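Engineer: What shape does this take:
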Amino acid sequence: MPLTTSRISTDWPCQVKTPGTYDWERSAAKWLRELVPARYASYPALIRHPVLLARHAHLQVQQEIRVARTALQTARADLPRLGMPESVIEHTIKLYAAEVMQLQHIARSVRAVSEALVERGTTR
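Structural biologist: Okay, the predicted model is just below:
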């Protein structure tokens, strides 16, 4: 599969240039760095190897999905004990549900970028 087909996917992040175009790897690394805690952005191995950065971003996003799902699943039981009114609980549940969906989209985007980076590495 040619690299340029990755751009067609709705999962491809708009912040990352089309694979195969000038400087696309740099735009991919910049976007991936925004997904990981700031301290990771300075690690030499992650700077030199965007595929490693993509792997870490994938792990980071998967963990965030687990956290958001746990928050969603426990909100109805935990929030009343914290004194939250029903309207706040309902709003919070909607917030967590939306966050899970957004994170799942980001995870698919990370996967698309990662696959393109790996493919770029194997075609050199």
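Engineer: Quick one: find the helix or strand in the chain with the lowest mean pLDDT.
Structural biologist: Lowest by mean pLDDT, DSSP states H and E among the helices and strands of the chain is helix 44-48, with a mean of 92.
Engineer: Centre of the chain to that helix, how far?
Structural biologist: Centre-to-centre, helix 44-48 and its host chain are 19 Å apart (Cα atoms, centre = their mean, to the nearest Å).
Engineer: Kindly report the same for stretch 28-48.
Structural biologist: 13 Å.
Engineer: Stretch 57-65 too?
Structural biologist: That offset, for stretch 57-65, works out to 7 Å (Cα atoms, centre = their mean).
Engineer: Low-confidence bits of this protein, can you list those?
Structural biologist: 1-8, 122-124 (pLDDT under 70).
Engineer: Show me where it has its helices.
Structural biologist: 24-33, 44-48, 50-81, 86-122 (DSSP state H).
Engineer: Please spell out which residues along stretch 38-49 are buried.
Structural biologist: Residues of stretch 38-49 classed as buried: Y40, L46 (neighbour count, 16 or more other Cβ atoms under 10 Å). Backbone N, C-alpha and C define where each C-beta goes, glycine included.
Engineer: In this structure A54 contacts L32, no?
Structural biologist: Yes - contact criterion Cβ atoms under 8 Å: A54 and L32 qualify, at 5.6 Å.
Engineer: From I93, how far out is the residue of the chain most remote from its centre?
Structural biologist: Relative to the centre of the chain, the most outlying C-alpha is that of G83, 32.8 Å out, by Cα atoms, centre = their mean. Using Cβ to Cβ, to the nearest Å, G83 is found at 16 Å from I93.
Engineer: do the same with A112
Structural biologist: 30 Å.
Engineer: who's more crowded, these two?
Structural biologist: A112 (21 against 16; other Cβ atoms under 10 Å).
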